[in-house]
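1. Mind folding the following:
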Amino acid sequence: MGKLAMNYPARYWHPIADGRIQCDLCPRDCKLHEGQRGACFVRMRTNNDMVLTTYGRSSGFCIDPIEKKPLNHFYPGSSVLSFGTAGCNLACKFCQNWDISKSRDIDRLMDRASPDAIAQAALAHGCKSVAFTYNDPVIFAEYAMDVADACHAHNIQTVAVTAGYIHDQPRRDFFAKMDAANVDLKAFTDDFYFKLTGSHLQPVLDSLVYLRHETQVWFEITTLLIPGHNDSDEEITALSRWVLRELGPDVPIHFSAFHPDHKMPDVPPTPLSTLVKARHIAMQEGLNYVYTGNVHHQDGDTTRCPNCQTVLIERDWYQIKQYRLSGHAQCPDCAATVAGRFADQAGDFGRKRFPVSIARFSNEKAL
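-> Numbering: from 1, shown residues only. Modelled structure (predicted):
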């Protein structure tokens, strides 16, 4: 592939009448003069073009359990090579990865890797998939899509962990390269999105509807419940009813615990009781697969048959304790179909998590 370009030509922009160029990747529609960067900080105008400044540059690579993404219905127990870059197109005051997503120090991205090097590393480490995570892959879409192509050439799956804040055409291009996704549905009011993330709710809902009705991407939803901000019974009920009506009962949803961080250090951690209650509400509203996250709650980790309620996958902190599904994804007791992507046997990666170096898989010169 040759030397990785520091400033990689970006897609999704057009010139506008006042001499600026407009980024068309996400609904922020950033309008840039020469030398300016978008709100994400990684897409920049230079020489009258737009470039991606983080192509081939990562904040680090780790191998995780797939359940940590979280994805509970996508090859349970398998390992996933995870990485991110820097920057974000949202401004979440509660960001749990703020040191990466809010970073404007591009030079801190010391891990350099071509798409093929990442695919080779995943293959060598026995990973079922590669995940674009830690910060939102939407903002490094060109890099993520090239990595996805390289992974698919080696029969490695690809996973996007994203807020889903993206325009229609890039949404179609981006998710055409993904096998699975976890989408953050951060709340169910536009007021929350505007005040706490600097964005809006509707584009995220549009992404979810698109994924469900126009793609074959397996996706799950995560909602981080923040005490006093998006954890009311009324909001959980409204969110659950929308998911049931627009996406159907089989899209898994994870209610996860907030811990004080970034610009919200004075908000208390989410009590387990809040997560358990939210799970109960969502299940009462008709959702089949509802989980709790960021806490030790074995019942909230367990996958049950939507028909007979027998335990199909028992988990304990990402460790698969019991697995009763096959690749046919049918309950062995009542033959009901279980939504997801499953193998005949669960993976045995367990709770491990460890960093990996990509350098030995790459012939690229340092930038």
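2. domain parsing for the chain?
-> As recorded under automatic domain parsing, the domains making up the chain are 8-52, 57-356.
3. Would you mind finding the most buried of those domains?
-> Highest mean neighbour count of these: domain 57-356, a mean of 19 (counted as mean count of other CB atoms under 10 Å). In this view, the C-beta of every residue, glycine as well, is placed from N, C-alpha and C.
4. so can I have CSV of the domains of the chain showing distance to residue 362?
-> Below are the domains of the chain laid out as CSV (distance: least, CB to CB, whole Å):
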stretch, distance to residue 362
domain 8-52, 16
domain 57-356, 4
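5. Any chance of TSV for the ones you listed, columns mean pLDDT?
-> Formatted as TSV, the domains of the chain follow (pLDDT from 0 to 100):
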stretch	mean pLDDT
domain 8-52	96
domain 57-356	94
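6. Please enumerate the helices of the stretch 101-250 of the chain.
-> For the stretch 101-250 of the chain, applying DSSP state H, counting those that start in this stretch gives helices covering 115-124, 141-152, 168-175, 190-192, 202-214, 233-246.
7. For residue 93, which of these is the nearest?
-> helix 190-192 (10.6 Å; CB to CB).
8. ok, residues contacting the closest one?
-> With contact meaning CB atoms under 8 Å, 6 or more residues apart in numbering, helix 190-192 is reached by 186, 200, 201, 202, 229, 230.
9. Quick check: the farthest pair among these?
-> Between any two of the contacts of helix 190-192 (CB to CB), the greatest distance is 19.1 Å, for 202 and 229.
10. Helix, strand or coil: sort out residue 291 for me.
-> strand (DSSP: H, G, I helix; E, B strand; the rest coil).
11. so what's it closest to, chain neighbours aside?
-> Nearest non-adjacent residue to residue 291, counting by CB to CB, 6 or more residues apart in numbering: residue 254, 4.6 Å away.
12. residues contacting the residue lying closest to residue 253 once chain neighbours are set aside?
-> Leaving aside its sequence neighbours, residue 253 sits nearest to residue 221 (CB to CB, 6+ apart; 4.5 Å). Counting by CB under 8 Å, 6+ apart, residue 221 makes contact with 182, 183, 184, 185, 208, 243, 251, 252, 253, 254.
13. what would these look like in a markdown table with distance to residue 193?
-> Listed next are these as a markdown table, based on distance: CB to CB, whole Å:
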| residue | distance to residue 193 |
| --- | --- |
| 182 | 18 |
| 183 | 14 |
| 184 | 11 |
| 185 | 10 |
| 208 | 14 |
| 243 | 17 |
| 251 | 20 |
| 252 | 22 |
| 253 | 18 |
| 254 | 19 |
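14. and which of those is nearest residue 217?
-> Nearest to residue 217 among the contacts of residue 221, with distances taken as CB to CB, is residue 183, at 9.9 Å.
15. so that closest one bridges to which residues?
-> Beta-bridge pairing of residue 183 under DSSP bridges involves residue 162, residue 221.
16. Report the distance from stretch 39-46 to the chain centre.
-> Chain-centre distance of stretch 39-46: 21 Å, with CA atoms, centre = their mean, to the nearest Å.
17. same question but for stretch 26-46, I mixed them up
-> On CA atoms, centre = their mean, the centre of stretch 26-46 falls 23 Å from the chain's centre.
18. Let's see the host helix or strand of the residue nearest to residue 291 as PDB, backbone CA atoms only.
-> Using DSSP states H and E, residue 254 maps to strand 253-257. Only the C-alpha atoms of strand 253-257 are listed here, as PDB (Å, rounded to 0.1, in the frame of the first residue of the first chain):
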ATOM      1  CA  ILE A 253     -31.100  -3.000  24.200                       C
ATOM      2  CA  HIS A 254     -28.600  -2.500  27.000                       C
ATOM      3  CA  PHE A 255     -29.300  -0.100  29.800                       C
ATOM      4  CA  SER A 256     -25.900   0.900  31.200                       C
ATOM      5  CA  ALA A 257     -24.700   2.500  34.400                       C
END
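19. now the angle from the helix or strand that that strand is followed by to helix 233-246?
-> The helix or strand immediately downstream of strand 253-257 is helix 272-284, counting by DSSP H and E. Here the directions of helix 272-284 and helix 233-246 differ by 40 degrees (axes from the mean of the first three to the mean of the last three CA atoms, to 10 degrees).
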